[in-house]
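Q: model this:
(chains A and B)
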Amino acid sequence: MDHSLQSAKFMKLNKLCFTRSGQKILDQIEDDWPSTGVVVLLGANGAGKSTLLDVIAGIKKADSGELILQQSHSKFLMPEPAAFYPYLTVKEQLNFIADMFVNVQPDLQVENAMEVWQLHPVADKLTKNLSLGFRQRLSLAQLALSNADILLLDEPMNGMDPEILSVFKEQVLTWKKTKSVIMATHIMHEAQILADWVVVMFQGKIIRSHAYSEEISFHQIYQKAIDDYHLGHAVNG
Amino acid sequence: MSMNITKKDIGSLWRSPLLWVVLSLIAFIAAWLLWQRLDRYIGLQASFATLPSPPNITHALWVPFILTLAKLLLLIIAMTTAKAFAEERAHKTLWYLLINKQTYYHVVWAKFKAQWMILLFVWGQLSVAAFLLATGGELNWTQSLVGLFGISLFTLWFVSLGMLISSFCQSTGTAVLLSSVVFVLLWVIGGESVGQEFGLNWLHLISPVQHLKWFCQGEISLSSLFYFIGGGIVLLLLTAQNLEGLRKS
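A: Coordinates of the predicted model:
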C-alpha cells in the first residue's frame, strides 16, 4: 500500500443516509477514502454496497449527509447486471459513451477500447444479442473509455471467465495508479489481490474501514468485523 | 461517428419494427378516410351547385383530414414518447443519463429533439394530401399552412405531455397505455358537445383540440400560441424535475 494514499484522503462520506419504504439502506455512513487505489466494499447481500455506489455516482440522492470530494471528479459505473441500449450495436454503444464522456479524439479511443477488449468481431452486433462474455467485455470497455477519475464497479468479477478476469485485473492495476477504483464484491480472494483499502458493510453501516495489508485475508477481516459488531451490540445491550 | 442522446433515441425509435407497422397502418387509414371523404365530396357536387356558398376543398377535405390525422397521431406519440424514459427505466439504462449530471434539462431537450422525427411523418402525409387536393381544386394555401403549423405545435405539445407521463412509468407498456388514456381524455373534453349547457365551454380552452381547430380555420391567436409553446415548455420542465426526483426513488 502506498503511504501517500493514506495521507491524501480525498473522498469523504459524511453521514450519508438513504431510506426507502421505511427501511434504512444506508445508515449514517461516515468514512474517508484515498484519492487513488482500489477500495473494496465487502458485505452480504442487502448490506447497502450497491446503493452506496449509486449514491457516490450521483444516480441516487441521499436523504441526508453529503459526499465531499476535494475537487470536481468525473465518475463512471459498472452496474450488475450490465445494462446496454438493446437497439444499439456494440460500436454505437461505445460511441454513445465516448460522446458523453470523452473530449479528445473519441473515435480513436473507441477503436482502442474495442481493440483492448477484443470487441471487433461483434462491433456491428446489437447489444441485446451479445453473449455474457461479450457483455462483460463491453461493460469493461465502457469503463475504460469513460476515462473517469472515480470508477465504481458493482460485482465486476461475477461470472467472468479466466481470460477476461486476467485482463480485468491487469487493467485495474493500471487504473489504480491514477484513479480511484471502488469495487463492491463477494469474490474476496480475487479482490484482495487488487485492494488498497477495505471496507466492511453490514445492514447499511460501515463497520470497518482501513488500509489493506496482505497479511490478513479478506475473509478473516470480514468475519472479525462482523463478530466485533455483534459483540459490541451484545455489550451495549 | 458520434452518438449523442438525440441520435441514440432516433436510432432506437426507427429500429423498432412495431413503429413501422403502426406508421404504415395510420398512413393507410388516413389515406383511406381522405379518399372516402373525397369520393363523397365529388358525389355531392350537384347538390353543392345549388348552394349560395358551397363548401370548398379546404373546408370540406383539408381541415377534416388534419383533424383525423391529429387523432391518429396520438397513438404514435403515445408509443414514441413511452420510449423516452419508461423504456430507459425498463432496460435499466437511465443511469447513463443521470451520472455526472447536475441538471437534467439538456437530457430532456435532447430526447425531445429526437421526437421531432414524428413531424416528418406528419409533414409527409399532409404534403402529399395537399398536393393531391391542389391538383383537383383550389386549396387555400394560407389556411393550409396555418393548419400545418397548428398540427406541428399540437404534435410537439403532446410529445411534451407524453414525455412527462413516460418519466413517471417504469415500463413501456404502462407508459403507452397511460399516455393513450390521457390523450383520448384531452381529445374528448375538446369535443363540440361537451359542457355546452354551461354556455361558454371552458373545457375547450384547456383542450389542445380546440386550439388546433382554430389553427385549421386559419386563425393564429396569441392564446393558442401561448397554450402550445408555453404549455410545452412547462411540461418539459416538469419532466426534468421528475427526472431529478427519480434519484430519490
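Q: identify each buried residue in the helix or strand harbouring residue A:225, please.
A: Assigned by DSSP states H and E, residue A:225 belongs to helix A:218-235. For helix A:218-235, the neighbour count (16 or more other Cβ atoms under 10 Å in any protein chain shown) marks A:218, A:221-222, A:225-226, A:229 as buried. For glycine as for every other residue, the C-beta is placed from the backbone atoms N, C-alpha and C.
Q: before we move on, what about stretch A:124-139?
A: Result for stretch A:124-139 [16+ other Cβ under 10 Å]: buried residues A:126-127, A:130, A:134-139.
Q: now for the residues you listed: which two are most distant?
A: The largest separation in the buried residues of stretch A:124-139, counting by Cβ to Cβ, is between A:126 and A:136 at 16.8 Å.
Q: and the helices in chain A, which stretches?
A: A:3-7, A:49-57, A:90-101, A:106-116, A:132-146, A:162-175, A:188-194, A:218-235 (DSSP state H).
Q: dump those into a markdown table; add mean pLDDT and distance to residue B:59 as well.
A: Listed next are these as a markdown table, based on pLDDT from 0 to 100; distance: least, Cβ to Cβ, whole Å:
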| stretch | mean pLDDT | distance to residue B:59 |
| --- | --- | --- |
| helix A:3-7 | 46 | 78 |
| helix A:49-57 | 93 | 58 |
| helix A:90-101 | 92 | 48 |
| helix A:106-116 | 91 | 54 |
| helix A:132-146 | 92 | 57 |
| helix A:162-175 | 91 | 68 |
| helix A:188-194 | 88 | 74 |
| helix A:218-235 | 87 | 79 |
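Q: got TSV for the ones you listed, with distance to residue B:226 too?
A: What follows is the helices of chain A, written out as TSV (distance: least, Cβ to Cβ, whole Å):
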stretch	distance to residue B:226
helix A:3-7	59
helix A:49-57	40
helix A:90-101	35
helix A:106-116	41
helix A:132-146	43
helix A:162-175	53
helix A:188-194	59
helix A:218-235	61
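Q: residue B:156: which of these is closest?
A: Closest to residue B:156 of these is helix A:90-101 (Cβ to Cβ; 24.8 Å).
Q: quick one: stretch A:11-28 to chain centroid distance?
A: The chain centre lies 18 Å from the centre of stretch A:11-28; the measure is Cα atoms, centre = their mean, to the nearest Å.
Q: pull out the buried residues from that stretch.
A: A:11, A:13, A:16-18, A:25-27.
Q: what about that stretch, how long is it end to end?
A: 16 Å (Cα to Cα, to the nearest Å).
Q: still on that earlier bit, quick one: closest of the helices of chain A to chain B.
A: When those are ranked by proximity to chain B, the top entry is helix A:90-101, at 3.8 Å, counting by Cβ to the nearest Cβ.
Q: touching that closest one from outside, list them.
A: Outside helix A:90-101, the residues within contact range by Cβ atoms under 8 Å, 6 or more residues apart in numbering or on different chains are A:74, A:76, A:84-85, A:88, A:106-107, A:109-110, A:113-114, A:119, A:122-125, A:127, A:130, A:134, A:138, A:141-142, A:145-148, B:1-5, B:8, B:11, B:96, B:100.
Q: I figured residue B:58 hits residue B:134, correct?
A: No: taking contacts as Cβ atoms under 8 Å, residue B:58 lies outside contact range of residue B:134: 10.2 Å.
Q: distance of residue B:135 from residue B:59?
A: 18 Å (Cβ to Cβ, to the nearest Å).
Q: which residue is nearest the middle of chain B?
A: The centre of chain B sits closest to residue B:155, judged by Cα atoms, centre = their mean, with a distance of 2.6 Å.
Q: quick one on the thing from earlier: for residue B:230, state which of the buried residues of stretch A:11-28 is nearest.
A: residue A:18 (36.9 Å).
Q: give me every residue in chain B lying close to chain A.
A: B:1-5, B:8, B:11-12, B:15-16, B:91-93, B:95-96, B:98-101, B:247-249 (Cβ under 8 Å from any Cβ of the partner chain).
Q: show me which of these are buried.
A: Buried, going by 16+ other Cβ under 10 Å: B:3, B:5, B:8, B:11-12, B:16, B:91, B:93, B:95-96, B:98-101, B:247, out of the residues of chain B next to chain A.
Q: which secondary structure elements does the helix or strand containing residue B:240 contact?
A: Counting by DSSP H and E, the element that carries residue B:240 is helix B:231-246. Counting contacts by 3 or more Cβ pairs under 8 Å, 6 or more residues apart in numbering or on different chains; DSSP states H and E, helix B:231-246 packs against helix B:95-98, helix B:105-115, helix B:141-168.
Q: on contacts alone, who are the packing partners of the next helix or strand after the longest one?
A: Going back to what we said before, that points to helix B:141-168. Per DSSP H and E, the first helix or strand lying C-terminal to helix B:141-168 is helix B:172-189. Packing partners of helix B:172-189 (3+ Cβ pairs under 8 Å, 6+ apart): helix B:63-84, helix B:86-90, helix B:141-168, helix B:208-216.
Q: quick one: contacts for residue B:113?
A: Residue B:113 makes contact with residue B:6, according to Cβ under 8 Å, 6+ apart.
Q: which parts of the helix or strand bottoming out on mean pLDDT in chain B are buried?
A: Counting by mean pLDDT, DSSP states H and E, the weakest-scoring helix or strand in chain B turns out to be helix B:202-206, with a mean of 73. Using 16+ other Cβ under 10 Å as the test for burial, helix B:202-206 gives B:203-204.
Q: surely residue B:71 touches residue B:186?
A: No: in this structure, residue B:71 is not within contact of residue B:186 by Cβ under 8 Å, at 11.3 Å.
Q: what's around residue A:89, how many residues?
A: 18 (other Cβ atoms under 10 Å in any protein chain shown).
Q: that one bridge partners, please.
A: residue A:126 (DSSP bridges).
Q: residue B:171 is nearest to which of the helices of chain A?
A: helix A:49-57 (20.7 Å).
Q: can you pull the residues of chain A lying near chain B?
A: Residues of chain A lying near chain B by Cβ under 8 Å from any Cβ: A:20, A:54, A:57-61, A:63, A:74-77, A:79, A:83-88, A:92, A:95-101, A:106-107, A:148.
Q: pull out the buried residues from those residues.
A: A:54, A:57-60, A:75-77, A:79, A:83-88, A:92, A:95-101, A:106, A:148.
Q: poorly predicted segments of chain B, please.
A: Under the criterion pLDDT under 70, the flagged ranges of chain B are B:1, B:191-202, B:249.
Q: distance from the centroid: which residue in it tops it?
A: residue B:50 (37.9 Å).
Q: quick one, phi psi at it?
A: Backbone torsions for residue B:50, taken as degrees, to the nearest 10, come to phi -80, psi -10.
Q: ok, now how distant is it from residue B:44?
A: For residue B:50, the distance to residue B:44 equals 11 Å [Cβ to Cβ].
Q: and what of residue A:42?
A: Distance from residue A:42 to residue B:44, by Cβ to Cβ: 81 Å.
Q: who has more neighbours, the two?
A: residue A:42 (26 against 14).
Q: just the pLDDT for the nearest residue to residue B:93 once chain neighbours are set aside.
A: In this structure, residue B:93 finds its nearest non-sequential neighbour in residue A:83, 5.1 Å apart by Cβ to Cβ, 6 or more residues apart in numbering or on different chains. On pLDDT, residue A:83 comes in at 93.
Q: need the contact list for residue A:83.
A: Applying Cβ under 8 Å, 6+ apart, the residues contacting residue A:83 are B:91-93, B:95.
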